[in-house]
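[1] Here is my input; please provide its structure:
(one chain, ligands or ions: 1)
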Amino acid sequence: MKEKSLPPGNLGLPIIGETISFLNDSDFASKRHQKYGSVFKTRIFGRPTIFVSGADAVRFVLTHENKYFASTWPKSTRTLLGPASLSVNTGEFHTSRRKIMFQAFQPRALASYIPTIERITDDYLAKWETMETFQWYPELRNYTFDIASSLFVGIENGSQTRLGELFEDWCAGLFSLPLPFPWTAFGKALRCRDGLLEEIETIIKQRQQQDNFGNDALGILLTATDEKGNKLSLEELKDQILLLLFAGHETLTSALASFCLFTVQYPQVSTEIKKEIERLQIGTSVTLEELKQMEYLEQVLKEVLRFVPPVGGGFREAVVDCELEGYLIPKGWIVQYQIRRTHRDTTVYNEPQQFDPSRFNNNRAEDKQKTFAYVPFGGGLRECLGKEFARLEMRIFASRLVKDYQWNLIPNQDLSMTATPTPHPRDGLKVNFHRLKSEVKVN
Ligand code: HEM
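    Below you'll find the predicted structure:
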């Protein structure tokens with residue numbers, strides 16, 4: 001049998017490879033995709049890595065979890081998330097912990113989160129109205145962090161606490177070269193991890209003093225037991241809470257910033273959402289049922305996540321030699337499945353470079369043509385745990401915002417996207433923000 005060859009591509013410099021370009025160039029994968037095709041090799045974070053994209057390749061990777069591939073993360077991410085984190089574990093431990101943590105995202109739990117999300121959203125909208133002119137991205141980061149800290153660990157205004165402050169520098173080191181010096185992003189982030197764990201430990205210990213642990217994520221994790229009846233250790237609890245605070249915050253901030261940008265660039269989209277809100281007579285407080293009826297809003301949010309997926313791709317390690325699209329993937333190499341490129345596949349999406357929510361309406365349903373063609377939340381055994389929570393928060397934010405407010409972009413700002421920690425406009429999305437005058441009616 002003919003020996004399979006490695007995919008085309010360039011491994012770059014020894015050890016460092018092409019890491020610097022990967023971290024700084026949001027078109028890193030697109031450029032190489034154009035040059036080499038949908039499967040190419042490179043070296044990032046010190047490891048030879050094969051990038052793959054397209055529904056078939058993504059299906060191959062995500063449906064062979066633990067058989068051909070095991071989840072892995074760059075060393076900086078692994079170290080900063082911590083050894084017990086759900087994200088860095090595999091096999092039975094991963095399955096067992098996923099089951100426990102999923103309880104915080106079941107429909108009953110989600111419905112109980114709505115009043116808190118609505119309250120914090122309204123507070124921020126009122127604050128932005130008084131600010132009038134501001135940079136939206138940092139504000140959105142505070143907003144999503146306040147929701148996560150309130151719902152997951154019961155801390156109000158989390159972004160204004162030491163927890164919020166430490167998170168900033170911790171996040172900045174997540175995808176960095178793992179050089180543990182005091183002046184590197186990774187070194188600073190390591191110190192912040194210690195501080196964050198101290199803060200989380202204090203929160204956990206305070207909660208343990210209470211008679212009732214509560215129904216939030218922390219309460220659920222404190223009462224949960226694994227298959228052998230063991231409770232989660234303090235060390236594990238700290239890592240899992242850190243993961244939830246991180247995952248529930250950076251990704252959503254990116255998605256909301258993109259929504260704010262596209263709805264101002266495509267005013268017709270806002271008008272259609274407003275019409276839907278009026279037609280369904282959505283009031284000041286919504287139910288899960290009402291949110292489900294907002295089909296047009298759902299199409300817009302789906303398109304936001306297709307067009308600028310907050311997570312660009314996922315890392316796996318090949319646990320055996322295997323073959324993909326005629327190329328060898330050697331055991332021990334890293335594979336990155338590319339979400340962003342998969343969402344731009346011209347064989348699935350009509351004019352994928354256009355922002356067009358109607359591609360997801362029932363008649364067109366472009367994403368349904370192939371499984372794994374639409375994967376903003378990944379898929380398979382490691383599909384995003386917070387997917388429904390994220391969809392809920394996005395829908396509440398978007399509907400309340402569009403219903404009562406309008407905003408314009410401040411001229412002369414850089415709207416090109418930077419990729420770290422998650423995609424957002426380089427100048428932080430500067431806007432003028434106003435409440436809609438009550439006489440403005442949509443025809
Ligand atoms: C728009 C928002 C979000 C997007 C686009 C997103 C995307 C993703 C993706 C692509 C993965 C899979 C990574 C892989 O295959 O390696 C993932 C995993 C995960 N997400 Fe999300 N996510 C979002 C929001 C959230 C929220 C709000 C939470 C929790 C509060 C969350 C918690 C997690 C966790 C815990 C995992 C790891 C699951 C596992 O390894 O089993 N995510 N997310």
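[2] Tell me where the stretch 301-443 of the chain has helices.
    Secondary structure of the stretch 301-443 of the chain (DSSP state H, counting those that start in this stretch): helices located at 339-342, 387-404.
[3] The stretch 101-250 of the chain too?
    Remark: helices assigned in the stretch 101-250 of the chain by DSSP H, counting those that start in this stretch are 107-131, 136-153, 162-172, 185-209, 217-223, 234-247, 250-265.
[4] give the contact list for residue 387.
    105, 377 (C-beta atoms under 8 Å, 6 or more residues apart in numbering). Any C-beta I mention is one placed from the backbone N, CA and C, and that applies to glycine too.
[5] mind running it again at 10 Å?
    With contact set as C-beta atoms under 10 Å, 6 or more residues apart in numbering, residue 387 has these partners: 105, 376, 377, 378.
[6] Next one: residue 237 from residue 200, what distance?
    Taken as C-beta to C-beta, to the nearest Å, the spacing of residue 237 relative to residue 200 amounts to 8 Å.
[7] Find residues that contact each of the two.
    residue 218.
[8] Next to the ligand, which bits of this structure? Give me the list.
    Proximity of the chain to the ligand is confined to 71, 86-87, 98, 243-244, 247-248, 251-252, 255, 305, 310-311, 314, 376-378, 382, 384-386, 389-390 under the rule C-beta under 6 Å from any ligand atom.
[9] Pull the number of nearby residues for residue 200.
    For residue 200, the neighbour count with other C-beta atoms under 10 Å is 22.
[10] Tell me who's in contact with it.
    Going by C-beta under 10 Å, 6+ apart, residue 200 touches 153, 155, 163, 218, 234, 237, 238, 239, 240, 241, 242, 245.
[11] Filter those residues down to the buried ones and hand me the PyMOL line.
    Applying 16 or more other C-beta atoms under 10 Å to those leaves a buried subset, and the PyMOL line that selects it is:
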select buried, resi 153+155+163+218+237+238+239+240+241+242+245
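[12] re earlier: show the buried residues in the residues of the chain next to the ligand.
    Buried members of these, scored by 16+ other C-beta under 10 Å, are 71, 86-87, 243-244, 247-248, 251-252, 255, 305, 310-311, 314, 376-378, 382, 384-386, 389-390.
[13] Could you double-check that residue 305 lies in contact with residue 259?
    Yes: A contact is recorded between residue 305 and residue 259 when judged using C-beta atoms under 10 Å, the distance being 9.5 Å.
[14] one step back: can you put the helices of the stretch 101-250 of the chain in JSON lines and add mean pLDDT?
    As requested, the helices of the stretch 101-250 of the chain are exported to JSON lines (pLDDT from 0 to 100):
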{"stretch": "helix 107-131", "mean pLDDT": "95"}
{"stretch": "helix 136-153", "mean pLDDT": "96"}
{"stretch": "helix 162-172", "mean pLDDT": "91"}
{"stretch": "helix 185-209", "mean pLDDT": "96"}
{"stretch": "helix 217-223", "mean pLDDT": "92"}
{"stretch": "helix 234-247", "mean pLDDT": "95"}
{"stretch": "helix 250-265", "mean pLDDT": "96"}
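[15] mind checking which of those helices is nearest residue 427?
    Proximity to residue 427 (C-beta to C-beta) singles out helix 136-153 among those, at 8.7 Å.
[16] got the angle between the closest one and helix 387-404?
    With axes from the mean of the first three to the mean of the last three C-alpha atoms, to 10 degrees defining the directions, helix 136-153 sits at 130 degrees from helix 387-404.
[17] Please report how far residue 267 lies from residue 432.
    With the distance defined as C-beta to C-beta, residue 267 ends up 15 Å from residue 432.
[18] For those two, indicate the residue with more neighbours.
    Neighbours around residue 267 and residue 432, counted as other C-beta under 10 Å, are more numerous at residue 432. The numbers are 13 against 10.
[19] Pull stretch 174-181 out as CSV, backbone CA atoms only.
    Backbone C-alpha positions of stretch 174-181 (Å, rounded to 0.1, in the frame of the first residue of the first chain) are rendered in CSV as follows:
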residue,chain,number,x,y,z
LEU,A,174,-4.3,31.8,28.2
PHE,A,175,-2.9,31.5,24.7
SER,A,176,0.7,32.6,25.0
LEU,A,177,4.2,31.1,25.0
PRO,A,178,4.5,29.3,28.3
LEU,A,179,7.5,31.2,29.5
PRO,A,180,7.1,31.6,33.3
PHE,A,181,9.0,34.9,33.8
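[20] Name the residues of stretch 337-346 that are buried.
    For stretch 337-346, using 16+ other C-beta under 10 Å, the buried residues are 337, 338, 339, 340, 341, 342, 343, 344, 345.
[21] Can you mark which positions in stretch 416-427 are buried?
    Going through stretch 416-427 with 16+ other C-beta under 10 Å, the ones that come out buried are 417, 418, 419, 420, 421, 422, 423, 424, 425, 427.
[22] Identify whichever of the helices of the stretch 301-443 of the chain lies nearest to residue 290.
    Across the helices of the stretch 301-443 of the chain, residue 290 has its closest neighbour in helix 387-404 (9.1 Å, C-beta to C-beta).
[23] Only C-alpha atoms, please: export the closest one in CSV.
    Below are the C-alpha coordinates for helix 387-404, written out as CSV (Å, rounded to 0.1, in the frame of the first residue of the first chain):
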residue,chain,number,x,y,z
LYS,A,387,-24.5,26.3,24.8
GLU,A,388,-28.1,26.8,25.9
PHE,A,389,-27.1,29.2,28.6
ALA,A,390,-25.2,31.3,26.0
ARG,A,391,-28.2,31.2,23.6
LEU,A,392,-30.4,32.4,26.5
GLU,A,393,-28.2,35.3,27.5
MET,A,394,-27.7,36.4,23.9
ARG,A,395,-31.5,36.4,23.2
ILE,A,396,-32.3,38.3,26.4
PHE,A,397,-29.6,40.9,25.8
ALA,A,398,-30.4,41.3,22.1
SER,A,399,-34.2,41.6,22.4
ARG,A,400,-34.0,44.2,25.3
LEU,A,401,-31.4,46.2,23.6
VAL,A,402,-33.0,46.4,20.2
LYS,A,403,-36.5,47.0,21.6
ASP,A,404,-35.7,50.2,23.5
